[in-house]
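S.K.: sharing a sequence plus its predicted fold:
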Amino acid sequence: MPVIEARELVKTYANVHAVDGISFDVAPGESFGLLGPNGAGKSTTMRMIGGTTRRTSGTLLVNGLDPETRGPEVRASLGVVPQTDNLDPELRARDNLIMYGRYFGLPYSYLRPKAEELLAFAQLTEKAGEKVDNLSGGMKRRLTIARSLINEPSVLLLDEPTTGLDPQARHILWDRLFRLKEAGVTLIVTTHFMDEAEQLCDRLIVMDGGLIVAEGSPASLIRQYSTREVLELRFGSERNAALVDRLRGYADSIEPLPDRVLLYTDNAEAALAKVKADGLDPVTSLVRRASLEDVFLRLTGRSLVD
Amino acid sequence: MTDLTTDTNALAYSGRALSAAEQAAKVRCWGWWYQAEWRLYSMKAYWTSVLGWAVLTPVLYVLAMGVGLGGLVDATSGGIGGVPYLTFVAPGLLVSAVVMSVGNEMMFPVMSGFKWQELYFVRAATAGSAGQVALAELVAVAIRAAAEATLFWLVLVVLGATSGGWSWLMIPIATLAGMALGSPIAAFSATRKDEGFEFAFLQRFVLTPMFLFAGTFYPLESMPIYLQWVGWISPMWHGTQLARAVSYGLPLPGLEVALHLLFLVALLGLGSWLVMKNFTARLNR
C-alpha cells in the first residue's frame, strides 16, 4: 500500500489555483521530492497531506486514512519540518522536544530519554540546556528536525529543509536525513534547490503553477529532458543574445539566459573546441554535467530561483 | 554503549513510543490540556511579574483608594451603601485587575502565536486539531486569571478588605468576567495580520472606559443615566456587582444576579465560538 495516494488534488484560494489537479503515489521508505519555484504549490500540497489545509477537490490518503476526517491519526504518523524554524524561543532546546512530544499525548517517562537521544542525533547534546535564541541557524534547523521525530513518525515532511543554511550546515543536515532514510523513514521533501533534490530524492515531481510538469528519478529526468552535458558560455550581456543564431549548429539545443548561453550537447568539450576554432571567443566557458536545474529550465523556460 | 548519533533505526522506531492510533486517541480527548499545560509553562518567563503584579496591585490600590480616598469618603458620608469605602471598592479592584490582565493576554500574545512565533501553527501540525489550539488558549488564560484572582483575594483577606465566608467566590466571578471580555478580544486578535493601531485603540477606548465606567470606584447608579450604558455593557460592572454580593453582602435581587451571570456567560459563549471559528479559519487555510 502506498504511504501517500493523491488523486486529482485541487486547492483554490479565491480563484487562484494553488494546486490544480495533481496525482501521485509515494511508496513506503521512498524519498520523494516536490520540486518547483516559489508559488508552484509545493507547500500547499504538504499542508493538505497533514490535513491542515482543506482540499477543494480530489482524494488523498495518508497511510490509508483521509487527513481531513482522520486528522489526529494522520498527523500522529507524520513528522513535520516547516519552512521556518518555529521553535519556542521561551524554552530551552530540550524542552522544545519534550513539549512537542506532549502534543502527541506521549508520557514524560518516554519523552525524557527520547529527547536526549534526538539531541544526540541532531548533534546538539551540549546545547540541550540552551535557549533556542542562542543556537545558530543550522542548529535550529537540526533541532526542528529532531522535534519532528519525537513521535517516531513513519513519514517525514520536510518543507525546504536547507533554505538559508551555509554549505557546511546543509551537508550535515543531508547526512542526518540520509540516515533516517536508511532507517526506513519515508521522506517527502519540497525544495527549489536542484542539488538537494539530486542528493536526497529517489523520485520527484516537478511542479509549476500548481501542475505536475514532469515525474521520475533525478537521473531519468535528466536523461529525458536534457543532454548528458551542458556547455555554459558567457560573451558579455550585450553579445549573449546576439550570438544565439550563430551557436545553433554546435549543440542539440540552446537556452539563452541574460548572463550566459547554455548549449545542450552530449559532448561539451568537443562543442567548446569547435566554438573556439570558429573564432567565437567567449569571456568564460564551463563544461558540466546536466542537472535538474536544466530539466526545469527546459520544461518551463524559466530558471528555478528567480 | 550504543552510539546514539548513528543508531537511527532505534530513533525511527524504538518500539517505546505509543502507536499513531494510540497517540491520536489520547490527543482527541486531552489535546487541549497538553497544549494548555505548555502555554502555562512558557508563561513562566513572566510568572514572577504576573504574581508580583497580583500581590502589588491590591496593596497599592487598597492603600491609595481604600485608605487614602476611603478616609475622605468615610469621613464625609460614612462609607457607601452602609459599608466602609475600602470594603465597597475592594471587589471592584479585584475584578477589574483580572479583567485587564486577561484583556492584555488576549492581544499581542494571541497575534504572536499566529504571526511572530507561529506557535499555534506548530500545535496545529501535531496530532491536535485547530479547535483544540483555540480551546487550549482559553483554558490556559483562564487558569492564569484564576491564579491572579486567588492571590488578589488573599491579599484582600489579609488587609481586612473582605470577609472570609463566601468571598472566595470572587475568584470564579473575576475569572468569568475576565474571560467574557477576553474571549471576544482573542477572536479579534486571531484575525490580525499586522501590528496596527487596533490594540492601542482597544486599550484606550474600550478597556479603559469600561474600567472607569464600571462602577468600580462609585455605584454606577450615581452616574447620569445616559452614561450608565457603558457600565451595562462592561463585563467589569457585571462581575463587580456579583463580587460585591459575595464579598460583603451587597443586596442583589435574584433576578439581577441571574442577569449578571447570564450576560457574562452569554458573552463568554459568543466569544469562545468566535475564537474557535477564527482560529480554525486561520490555522486550516
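M.R.: Good, I have the coordinates. These figures come from a predicted structure and were not determined experimentally.
S.K.: which residues of the stretch 1-150 of chain A lie near chain B?
M.R.: Residues of the stretch 1-150 of chain A lying close to chain B by Cβ under 8 Å from any Cβ of the partner chain are A:13, A:47, A:50, A:52-54, A:63, A:70-73, A:75-77, A:80, A:82, A:84, A:86, A:88-91, A:95, A:99-100, A:102-106, A:110, A:114, A:116-118, A:120-121, A:123, A:149. The C-beta positions use only the backbone N, C-alpha and C, and glycine is treated the same way.
S.K.: one more time with 6 Å, if that's ok
M.R.: Within reach of chain B by Cβ under 6 Å from any Cβ of the partner chain, the stretch 1-150 of chain A has these residues: A:50, A:52-53, A:71-73, A:75-77, A:80, A:86, A:90, A:99, A:102-105, A:110, A:117, A:120-121.
S.K.: list the buried residues for stretch A:275-291?
M.R.: Judged by neighbour count using 16 or more other Cβ atoms under 10 Å in any protein chain shown, the buried positions of stretch A:275-291 are A:Val275, A:Pro282, A:Ser285, A:Val287, A:Ala290, A:Ser291.
S.K.: now the last one: closest residue in space that isn't a chain neighbour?
M.R.: Meaning A:Ser291. Leaving aside its sequence neighbours, A:Ser291 sits nearest to A:Met194 (Cβ to Cβ, 6 or more residues apart in numbering or on different chains; 5.2 Å).
S.K.: contacting residues for the residue in the stretch 201-306 of chain A that chain B sits nearest to?
M.R.: When scored by Cβ to the nearest Cβ, the stretch 201-306 of chain A has A:Gly210 as its residue closest to chain B, at 15.5 Å. For A:Gly210, the contact set (Cβ atoms under 6 Å, 6 or more residues apart in numbering or on different chains) comprises A:His17, A:Ala18, A:Val19, A:Asp20, A:Gly41.
S.K.: name the helix or strand for the closest residue to chain A within chain B, please.
M.R.: In chain B, the residue that lies nearest chain A is B:Lys26 (3.2 Å; Cβ to the nearest Cβ). Secondary structure from DSSP states H and E places B:Lys26 in helix B:20-42.
S.K.: for that helix, packing partners?
M.R.: helix A:71-76, helix B:130-158 (3 or more Cβ pairs under 6 Å, 6 or more residues apart in numbering or on different chains; DSSP states H and E).
S.K.: now render those helices as CSV, adding distance to B:Ser14 and mean pLDDT.
M.R.: Formatted as CSV, the helices and strands packed on helix B:20-42 follow (distance: least, Cβ to Cβ, whole Å; pLDDT from 0 to 100):
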stretch, distance to B:Ser14, mean pLDDT
helix A:71-76, 16, 95
helix B:130-158, 27, 94
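S.K.: need the winner for burial among these.
M.R.: Across these, the average number of neighbours (mean count of other Cβ atoms under 10 Å in any protein chain shown) peaks for helix A:71-76, which reaches a mean of 26.
S.K.: quick one on the thing from earlier: and the residues of the stretch 1-150 of chain A next to chain B, which of them are buried?
M.R.: A:50, A:52-53, A:71-73, A:75-77, A:80, A:86, A:90, A:99, A:102-105, A:110, A:117, A:120-121.
S.K.: now, the residues you listed that are in helices?
M.R.: A:Gly50, A:Gly71, A:Pro72, A:Glu73, A:Arg75, A:Ala76, A:Met99, A:Arg102, A:Tyr110, A:Glu117, A:Ala120, A:Phe121 (DSSP state H).
S.K.: report the two of these separated the most.
M.R.: Greatest spacing in these, by Cβ to Cβ: A:Gly71 and A:Ala120 (31.4 Å).
S.K.: up against chain B, what does the stretch 151-300 of chain A have?
M.R.: Within reach of chain B by Cβ under 6 Å from any Cβ, the stretch 151-300 of chain A has these residues: A:Glu152, A:Arg179, A:Leu180, A:Ala183, A:Gly184, A:Val185.
S.K.: separate out the buried members of the residues you listed.
M.R.: Among these, those buried by neighbour count (16+ other Cβ under 10 Å) are A:Glu152, A:Arg179, A:Leu180, A:Val185.
S.K.: how about the residues you listed in JSON lines, adding secondary structure and pLDDT?
M.R.: Formatted as JSON lines, these follow (DSSP: H, G, I helix; E, B strand; the rest coil; pLDDT from 0 to 100):
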{"residue": "A:Glu152", "secondary structure": "coil", "pLDDT": "93"}
{"residue": "A:Arg179", "secondary structure": "helix", "pLDDT": "88"}
{"residue": "A:Leu180", "secondary structure": "helix", "pLDDT": "89"}
{"residue": "A:Val185", "secondary structure": "coil", "pLDDT": "93"}
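S.K.: wait, which of those is closest to B:Leu40?
M.R.: Among those, and counting by Cβ to Cβ, the member closest to B:Leu40 is A:Glu152, at 26.8 Å.
S.K.: right, and the closest one touches B:Ala17 too?
M.R.: Yes. At 4.2 Å, A:Glu152 counts as touching B:Ala17 under the criterion of Cβ atoms under 6 Å.
S.K.: isn't B:Ser247 up against B:Ser167?
M.R.: Yes. Because the distance of 4.7 Å satisfies Cβ under 6 Å, B:Ser247 is recorded as touching B:Ser167.
S.K.: the two: which has the busier surroundings?
M.R.: B:Ser247 (29 against 21; other Cβ atoms under 10 Å in any protein chain shown).
S.K.: between helix B:130-158 and the helix or strand where the more buried one lies, find me the angle.
M.R.: Per DSSP H and E, B:Ser247 falls inside helix B:235-248. Here helix B:235-248 points in a direction 40 degrees away from that of helix B:130-158 (axes from the mean of the first three to the mean of the last three Cα atoms, to 10 degrees).
S.K.: off-centre distance for helix B:235-248?
M.R.: Distance, stretch centre to chain centre, for helix B:235-248: 15 Å (Cα atoms, centre = their mean, to the nearest Å).
S.K.: now the helix or strand just after that helix: buried residues?
M.R.: Note on helix B:235-248: by DSSP H and E, the next helix or strand toward the C-terminus is helix B:254-283. By 16+ other Cβ under 10 Å, the buried positions in helix B:254-283 come out as B:260, B:263-264, B:267-268, B:271-272, B:274-276, B:278-280, B:282-283.
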